[in-house]
Structures are given as structure tokens and as C-alpha cells.
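**Q** can you look at this prediction? I've put the sequence above it.
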Number of protein chains: 2
Amino acid sequence: MTIIIAVDAMGGDHGPPVTVPASLAFLEETPGASVVLVGRAEAIEPVLAKSRSPARNRVRIHPASEVVEMDDPPADALRRKKDSSMRVAINLVRDGEAHGCVSAGNTGALMGIARFVLKTLPGIDRPAIASQLPTKKGVVTMLDLGANVNCTPEQLVQFAAMGSALVSSVEQIERPTVGLLNIGEEDIKGNELVKETAERLKASGLNFHGNVEGDDIYKGTTDVVVCDGFVGNVALKTSEGLAQMLYEFLKAEFTRSILSRIVAGIAYPVLMRFKRRIDPRRLNGASLVGLKGVVVKSHGGTDALGFRHAIRKAHAEIESGVLDRIAQRIAAMPAAALGEAPARNDA
Amino acid sequence: MTIIIAVDAMGGDHGPPVTVPASLAFLEETPGASVVLVGRAEAIEPVLAKSRSPARNRVRIHPASEVVEMDDPPADALRRKKDSSMRVAINLVRDGEAHGCVSAGNTGALMGIARFVLKTLPGIDRPAIASQLPTKKGVVTMLDLGANVNCTPEQLVQFAAMGSALVSSVEQIERPTVGLLNIGEEDIKGNELVKETAERLKASGLNFHGNVEGDDIYKGTTDVVVCDGFVGNVALKTSEGLAQMLYEFLKAEFTRSILSRIVAGIAYPVLMRFKRRIDPRRLNGASLVGLKGVVVKSHGGTDALGFRHAIRKAHAEIESGVLDRIAQRIAAMPAAALGEAPARNDA
């Protein structure tokens, strides 16, 4: 089968100058795929015209007259911009004209529109945002990263099942380990939400490792880390802030004096290897999981290399059948994990 | 006045070999202070005997026969080890024999015992753990870092007042800016806890900056960042994990080959300056704020330099009168910040 990916060509900070070359580069490395570029033809065509890519014949433009801006309130984007490139790309997925879509646009709008247009899979209350982070051992998949600020234990169990299915499909790990993000003080084993979720995860049939702490994320203790969207978003943004500060401090030391600059020149290949190793573009692309369709959100400010990674991620999810896998995991879940609160012995 | 600090000499991973030299080094740089080393004389005396410090005459040993272990459940440490070095050090504060105390022991036990023995200041429901983190601009004081997993808006406002008072006292910033840790998705402005806390902070008379996101911590957007202990602990531990991973990756690149090692030798002074800049020992020492006494928790695994910083922190809090400042801030707080939920216009 030819996998067709709808790309919101207008989304993100750069639009077609990033999304179009990224799509072509992706197609060159992926013979069995095609891309539908959704957006304003007058913005997309000039960029396409400049390319001599042999993959140009596997691209078509699908018109959409509006663009969701980064600061559009999601509710407005949903109600008022019915012909936005984002909305039309998602419509193509719903209508079976594309197998999945990728957008670098406004996260809240993308989640709102995707949820409204595609609906959630059976047994899923709310979709979540899942992303890979680098670890000492490889990568970890963490969710939710900000879609759901108030979660129930049942929802966290659904996130665990979705994260597990995602890793199973895309990374071919049969039974990924799942950690529940908690805190490490000895006298307090987390809040009520985490405590009840842990009980349910034990009964879920998933490969539940138990509680993990913040530092376990980057240690790579488990394949999946589950948390509510408030905590996950704070952890992610805090990490971004820390990495940026450390990078600036390192740069400041290597540019402090003429001598430091000479040293930096000598150390350049080593520093570049380090930088490549933690290059966020390599892991660009957050999956909106739990929807009846593959939707990947790219970082808004990324370049063509980063955006290509996001398209690759959508392609991998489609190819490995992640939606079926999620549906199976949820269907196989015992009542003790997702149903009524388990009976307590103290009755 | 001579400031007297009780040091739990037995606490932490190393005990007297770290706590005793740290105390002496602290006293050498702080002429108007003295230290009470609390613990087993037979463990402390040999270390003291080895020192030729001119500050030895400002140290005395106060005996305590037991030690709280790192894995002791806090409730057991509180109930059963009534003659522990930790407990006795806190008793000295309660009895006015010391102005504050420092321990590198079990955090949960320290918090439990300190709260039981010292009680909280008027108007404070629960103490919090506050610590300084490095930022691009200097330092930020963040709380709570794990003492309270389920917080009310009133408690978060108390944390804000305590953090503000701490920074006012120790850093001589008259009206520190206070940020409320929240998430950045456009459609969701945080959970109910954060929303109500923000309303109360606006009415608090504190210099409330508004919501901040995880990356604002390290940007140094505000002087104080307030959050519940679950979120704060996750942010802190996640940061530790990320910093350690990045450090290992950097080290790996600089030791990958003989050539990289030569480059590392050349870059050594620059790399060391970078390392010093982010040296966690410089900011070692978390303040247990809200108690009727100054209590500082040192990292358990730190060395004499790190432990000395924790003693310095206790000394600075005592010298600048942080307890009075907290009491004043709380007393000055209007009812709309700490009292009944504000009346709503929709009634």
C-alpha cells in the first residue's frame, strides 16, 4: 500500500519554506509514500517549483484558504477557520484520503480540531500528547505532555496502554516497561491520583515497572513514563529551560577570551558530536494518541530536518499499525484497570 | 550576638568526616559564630583531633546516641529514635541553645521531626522545602520541592509569602517577584489549584509576576517560583537527571578516542570553569521554611565544601532574621489571599 501523509504546509513559524523541502526529503528516502501538501497554492507552488527533487511526482497540493495562527485561541480556530490548512489536513485523514497528518501549528488548536473531527478510539476518554525524549540508554516515550491537566486514574491507565502500544508498534518492543511518574520522599508515596493509578496499573496486564522519579526519565529506567499533562508539561519545559541554560553557559565559557575561542576551535569536532547527540530535531514530533487517526505535531520553530523527522514519525506509526495496537491494548484491559474502583479489603 | 548552629554530625552518607571539617571551615570564615556538633562523641572526636583549625575552640560536642538512617521510615525515626543526632540537634533549636540546625540526613525524617518538635509559625499550615537553583541571571528560589503533595490554594499562597520573605531576608531584595508554576498550552490555563491560587496571589500584596512555565525557572524570570510539592519534586529530579545525562554525554565525547582525550586536555581549563559554574555544591542546602526555627537540609551525598554551604545558608537565615520576616509577611496578608474563597460576581 502507498502510505499517504497529509502535511499542513502552512503551520509552524516558517510554513512552506520548511514544510515543502522536508516533505520532498522525506519522500526521497521513503519510496512507498506520497504527501498531500495542504494550504495556499500560491505559497506552496513557488517553493515546489524551486525544487529539482525526483520525488516531486509524489506530491500533490490540496487547497486550504485559511491558516491557524500560533496565537489563535483553539476554540476560535475550531469554530471559525473551517478552511484552515490544519483542519483540511485532518479532514483528509477522516475521509480516508490520507493515512495520517503532520502539523507544526498551534498545539491547542491541533488537539481541539483533531479531537472534534476524528473523535477518540473506543475506550479512550481523552487523547494525550506523547513524545520521545533522549535517555542514557536510548529513548523514552513520555505522556501526557500537556493535553490533560486534570486526569483520573482511569485516564492515566489509558495513557499507559497507549504509550505501551505506541512503543510496541514503532520500536518493536513486545512488552515495553511502563513507569508511573512519582516523587521520592520516603514518607509520602505520591498523591491520591498516583496511588490509585498504581493499583490499577498492577491489574492492567501491562508490563508495569512501578513508580519512577523525575531523574528516571533521563536514566532510561523504563520504555514509557506516564503522568498527568500538568506534571508532564512542567517536566518537559523545565528540561528545555535547563538544557538551554547549560548550552549558553558552555558557549559563554568557550567564547570568554581569545584563548577560549582558540580552544573552542580545537574542541569543535568533539563539541559538535556532543551537540548532534542531543539534537532535539532528531526526536522532533509529538504524537497525539488516542484519536481515530495518526496525528503528529512538529515543534513550531524547527527546520526542514526537524520537520522531516516528524513526518517520519507519522509514517512509522501508520506503517506499524499503531491505531489497531492501541485499540487491542484497550480492549484487552481487565475491568480492574479501567472499570469501577477495585473493591477494598477494608469493607 | 554569637550565632550558634547545631550540626547533625552523623547525618548524610559520610557523617563526621564531612560534617566536622565543614563546620570548622565554616567557623574559620565566620568569626562571630559557633557550632554544636551533635552525635556520638567517639565518632566525632577523632575527626576533630586530627584538625589543627584555629576554630576548634568554637566547637563543642553535644552527645546523641542514635542515628537516623537514610532508609528509616520517617514515622519510626520520629517515634523510636528520640536520642538521634537529628532529633537532639532540633531540640537544641527548640530550647534556645542553638539558633538553627543543619542536617544531611533523611529528608522525610528531618521534616517530620522538625515539624513535631518546633511546630509551625502562626498562620502556616504546613512547612515547605525551598531551595535555590541556578538561572541564566543568578538564582531562583523554588518551593515546595516535595514536602506537600496535596496542596490547597491557601497553602500555595503561604509558600509564596515564605519564599518571598526568605529571598527578602537572605538576598536583600525588598520585593522579590513571585511566579506561579503553570503550563503553557494555550487552551488550558492550568488546573483548578493553580487558577484559584493565581486569584489569591493577585490579592496578596506580594510582588506577583503571574504564571511562569517550566523553562522560566532557569531563565530566571522571577526571584521565587511557587508550586505544589509533587510538581516541584518532579521538576527538581528531572533537572538532576537531565544534567547528569548531559554531563555523561559530554564526558563520553571527550574521552571517545585518544584524539578526543588530547582535546579534552587542552579544553580542560574551559571545561572546569563550566563545571564550577554549575557546581551543585555552591547552592547546596534546602531550607525547611515555615517552622519556628531555622532548619537546613544538606544533600546527603555532598562533601565538606557542599556541607559548608548548607551551614552558611543556615547562618545567613539566622543573621537576617528570616523567621520574623516570614511572620510579618503572613500577618500582613489580606483575607482575600489566605481566608475564605473570594466572593464571586456570578452569585
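**A** Perfect, thanks for sending it. Residues are numbered from 1 along each chain as shown, chains lettered A, B, ... in the order given.
**Q** could you use CA atoms for every contact and neighbour count after this?
**A** Fine.
**Q** contact residues of the stretch 1-150 of chain A facing chain B?
**A** A:71, A:73-75, A:107-109, A:135-136, A:146-147, A:149-150 (Cα under 8 Å from any Cα of the partner chain).
**Q** try it again at 7 Å.
**A** With Cα under 7 Å from any Cα of the partner chain as the criterion, the stretch 1-150 of chain A comes near chain B at residues A:73-74, A:108, A:136, A:146, A:149-150.
**Q** which helices and strands does the helix or strand containing A:Ser164 pack with?
**A** Per DSSP states H and E, A:Ser164 falls inside helix A:153-171. Applying 3 or more Cα pairs under 7 Å, 6 or more residues apart in numbering or on different chains; DSSP states H and E, we find helix A:153-171 packed against helix A:192-202, strand A:224-226, helix A:322-331, helix A:335-338.
**Q** who's in contact with the next helix or strand after that helix?
**A** Next helix or strand after helix A:153-171 toward the C-terminus (DSSP H and E): strand A:177-181. By Cα atoms under 7 Å, 6 or more residues apart in numbering or on different chains, the residues outside strand A:177-181 that reach it are A:160, A:207-214, A:222-227.
**Q** same question, stretch A:50-61
**A** The contact list for stretch A:50-61 (Cα under 7 Å, 6+ apart) reads A:24, A:27-28, A:34-38, A:41.
**Q** the helices and strands packed on helix A:153-171: which one's closest to B:Leu250?
**A** strand A:224-226 (25.0 Å; Cα to Cα).
**Q** that closest one pairs with which strands?
**A** The pairing partners recorded for strand A:224-226 under DSSP bridges are strand A:139-143 (parallel), strand A:177-181 (parallel).
**Q** would a markdown table of the helices and strands packed on helix A:153-171 with mean pLDDT and mean neighbour count be doable?
**A** A markdown table is the format used below for the helices and strands packed on helix A:153-171 (pLDDT from 0 to 100; neighbours: other Cα atoms under 10 Å in any protein chain shown):
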| stretch | mean pLDDT | mean neighbour count |
| --- | --- | --- |
| helix A:192-202 | 90 | 19 |
| strand A:224-226 | 98 | 30 |
| helix A:322-331 | 93 | 19 |
| helix A:335-338 | 81 | 19 |
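**Q** so A:His62 sits right up against A:Leu37, yeah?
**A** Yes: in this structure, A:His62 is within contact of A:Leu37 by Cα atoms under 7 Å, at 5.9 Å.
**Q** mind checking which of those two has more residues around it?
**A** The residue with more neighbours, out of A:His62 and A:Leu37, is A:Leu37; 28 against 19, by other Cα atoms under 10 Å in any protein chain shown.
**Q** show me what that one is bridged to.
**A** Beta-bridge partners, per DSSP bridges, of A:Leu37: A:Val7, A:Ile61.
**Q** over to the residue nearest in space to the middle of chain A: give its phi and psi.
**A** Taking Cα atoms, centre = their mean, the centroid of chain A lies closest to A:Ala286, which sits 1.1 Å from it. Per-residue torsions, A:Ala286: phi -100, psi 140 (degrees, to the nearest 10).
**Q** ok, which stretches of chain A are helices?
**A** Secondary structure of chain A (DSSP state H): helices located at A:16-29, A:41-50, A:74-80, A:85-94, A:107-118, A:153-171, A:192-202, A:214-219, A:229-254, A:258-277, A:304-319, A:322-331, A:335-338.
**Q** out of these, which gets the lowest mean score?
**A** When these are ranked by mean pLDDT, helix A:335-338 comes last with a mean of 81.
**Q** got a list of what the closest residue to A:Gly146 other than its chain neighbours touches?
**A** Distances taken as Cα to Cα, 6 or more residues apart in numbering or on different chains put A:Gly229 closest to A:Gly146, at 3.9 Å, once the chain neighbours are dropped. Taking Cα under 7 Å, 6+ apart, we find A:Gly229 in contact with A:144-149.
**Q** most neighbours among these, which one?
**A** In the contacts of A:Gly229, the most neighbours by other Cα under 10 Å go to A:Asp144, 29 neighbours.
**Q** residues touching A:Lys237, list them.
**A** Neighbour list for A:Lys237: B:213-215 [criterion: Cα under 7 Å, 6+ apart].
**Q** which of the residues you listed has the most neighbours?
**A** Highest neighbour count within the contacts of A:Lys237: B:Gly214, with 24 neighbours (other Cα under 10 Å).
**Q** so how far is chain A from it?
**A** 4 Å (Cα to the nearest Cα, to the nearest Å).
**Q** how about the nearest residue to that residue, chain neighbours excluded?
**A** Distances taken as Cα to Cα, 6+ apart place A:Thr238 nearest to B:Gly214, at 4.0 Å, with adjacent residues excluded.
**Q** can you get me a residue count around the one you found?
**A** Neighbours around A:Thr238, by other Cα under 10 Å: 25.
**Q** my guess is A:Ala267 contacts B:Arg261. True?
**A** No: using Cα under 7 Å, A:Ala267 makes no contact with B:Arg261, being 10.2 Å away.
**Q** show me what from the stretch 151-300 of chain A comes close to chain B.
**A** Residues of the stretch 151-300 of chain A lying near chain B (Cα under 7 Å from any Cα): A:183, A:185-187, A:190-191, A:213-219, A:230-231, A:233-235, A:237-242, A:245, A:249-250, A:253-254, A:260, A:263, A:266-267, A:270, A:273-274.
**Q** quick one on the thing from earlier: of the helices of chain A, which is nearest B:Thr302?
**A** Proximity to B:Thr302, assessed across these by Cα to Cα, is greatest for helix A:214-219 (17.9 Å).
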